[in-house]
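K.L.:
fold the following for me, if possible:
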Amino acid sequence: MLQKRRVCVTIKILQWLQGCKMLANIHSIGPTFSRDIRALLRMQGVMNASHFMTVPLLALHMSMTLHFNSVALATVMSANLLSAQTLPLIAGAIADRFGSRRMLALGLWLRGLGFLGFSVTNDVTAWVSFAFAAGSGVACYEAGLYGIFGRQPKASHPALFAANNQMLNMGTAVGPMVGGLAALIDARFAFAASALLFGVLGATMSRSTVGSSETADRRAVLVNLRAAVTNRDLWRLIVVSFPWFFLFPQVYVAFPLHAERLAGPYAASAVYVVNGVIGLAFMLAAKRWLVRINPAISTMYAYMAAAVAFASVAAFNNLAWFLLFIAAYTVIETVMLPALETMTGSLAVDGSQATCFGVLSATGALSGAAGYYAGSWLILNATSLETWATFGSVAALGFAGAALILPKTLRRTSML
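P.N.:
Model (predicted):
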């Protein structure tokens, strides 16, 4: 059985690497974007594979091996989330002022430090500290990355963010398989392997030329912050995105814990494999449609679909249906994330792109932290009906907000 798993993982890795090579040469990525952008897109796939080697194991390892209670589990996850999503407010302004390459390398190294810490300690306080370090790495990395992406021509944003989501899904498909194989021995091996890969990526980025062509005419940090926080259209988008930021953390808490409850600890890896494979397949099949559809309209319909999908889990309490739900959720996620990123990029002030993404991320952290605590408590203490009906209601609230608010920014966000 172990040998079969190794063969399966090897085949998937080879398929993923071949997919990266193919994506580097197809028209939607190759001729449209510069060499640096193509390199960043490929790195996104590798980075997300490293990330998802460990993410399916974090909540399970804390709950079942370390025996953390729901408050400790949520605190660790929230420390990671809050640092990952609030620090971009400053990290983005710094990247806009001083350039992105150093922020990318620093972010990768900090993530490696965080996962290395997970592999060597069992103390709650230490886990919170290392979770904060890993989250700070996300903040620095994404500030640099989305600053570079945001400075690309706005007409290319739908294709660029769709390609970015495609590469992330490749990593999501492969990472859980590798992490699941390591977990057959000890989950800490997956944490250590992820730390090593982040370290190697950071060293590679520190020697690259990515971001070297950024303009030298950069504004002061406070000027960038002021331009972002006074952008009314951006704040409308932020309000609409709050329900999504509440629901998205359930990928890391409610989803794996619910799968474990239905079919055992290794069912959590199946959740992420389905998430990655369906996301990649849907992106390949629907990429032209995703590039052409107005992101404001796709956001409204994605919320509507999410309301129905989340509520349905309570009605069919078995693993087969839950994996079907994961497939549906993945399609929704694949529509929602590029739409929000495209709208943010289109509304960003020139020269303050990373800062605008940072403002969206920082404000979303408040809703995301609520999602971690609420999701952890619900999945561990509430009934299935109460848990999934709550999530469905939040998605319905998102639909109402999108329908009322997004039409005001419809023209500005349309990329047609």
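K.L.:
when you work out contacts or count neighbours from here on, use the C-alpha atoms and nothing else.
P.N.:
Fine.
K.L.:
dihedrals phi and psi, Q152?
P.N.:
phi -70, psi 160 (degrees, to the nearest 10).
K.L.:
now do the helices in the stretch 151-300 of the chain.
P.N.:
Here the stretch 151-300 of the chain has its helices, by DSSP state H, counting those that start in this stretch, at 157-183, 187-206, 221-229, 232-247, 254-263, 267-292, 295-315.
K.L.:
lowest average confidence, helix or strand, in the chain?
P.N.:
Of all regular secondary-structure elements in the chain, judged by mean pLDDT, DSSP states H and E, the least confident is helix 2-25 with a mean of 44.
K.L.:
what's the angle from the next helix or strand after it to helix 267-292?
P.N.:
Scanning the chain past helix 2-25 towards its C-terminal end, the next helix or strand to appear is helix 35-60 (assignment: DSSP states H and E). Put simply, helix 35-60 runs at 150 degrees to helix 267-292, going by axes from the mean of the first three to the mean of the last three Cα atoms, to 10 degrees.
K.L.:
could I get the buried residue list for the next helix or strand after helix 35-60?
P.N.:
Following helix 35-60 in sequence order, the next helix or strand is helix 70-86 (DSSP H and E). Within helix 70-86, the residues scored as buried using 16 or more other Cα atoms under 10 Å are 70, 72-86.
K.L.:
how about residues contacting helix 70-86?
P.N.:
Helix 70-86 is touched from outside by 59, 62-63, 124, 127-129, 131-139, 358-359, 361-366, 368-369, 372-373, 376-377, 380, with contacts defined as Cα atoms under 8 Å, 6 or more residues apart in numbering.
K.L.:
among those residues, name the ones in helices.
P.N.:
Secondary structure assignment (DSSP state H) places 59, 124, 127-129, 131-139, 358-359, 361-366, 368-369, 372-373, 376-377, 380 from the contacts of helix 70-86 within helices.
K.L.:
which of these are buried, as a PyMOL select command?
P.N.:
Paste this into PyMOL to select the buried members of the ones in helices among the contacts of helix 70-86, with burial taken from 16+ other Cα under 10 Å:
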select buried, resi 59+124+127+128+129+131+132+133+134+135+136+137+138+139+358+359+361+362+363+364+365+366+368+369+372+373+376+377+380
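K.L.:
export stretch 63-82 to CSV, keeping only CA atoms.
P.N.:
What follows is the C-alpha trace of stretch 63-82 in CSV, where atoms were taken according to Å, rounded to 0.1, in the frame of the first residue of the first chain:
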residue,chain,number,x,y,z
SER,A,63,-6.5,18.5,17.6
MET,A,64,-5.7,14.8,17.5
THR,A,65,-2.0,14.5,18.3
LEU,A,66,-1.2,17.6,20.4
HIS,A,67,-4.8,17.7,21.9
PHE,A,68,-5.2,21.4,21.6
ASN,A,69,-8.7,22.6,22.5
SER,A,70,-10.9,24.7,20.2
VAL,A,71,-9.7,28.0,21.6
ALA,A,72,-6.0,27.0,21.3
LEU,A,73,-6.5,25.7,17.8
ALA,A,74,-8.4,28.8,16.7
THR,A,75,-5.7,31.1,18.3
VAL,A,76,-2.9,29.4,16.4
MET,A,77,-4.8,29.7,13.1
SER,A,78,-5.9,33.2,13.8
ALA,A,79,-2.3,34.3,14.7
ASN,A,80,-1.3,33.0,11.3
LEU,A,81,-4.3,34.7,9.6
LEU,A,82,-4.0,38.1,11.3
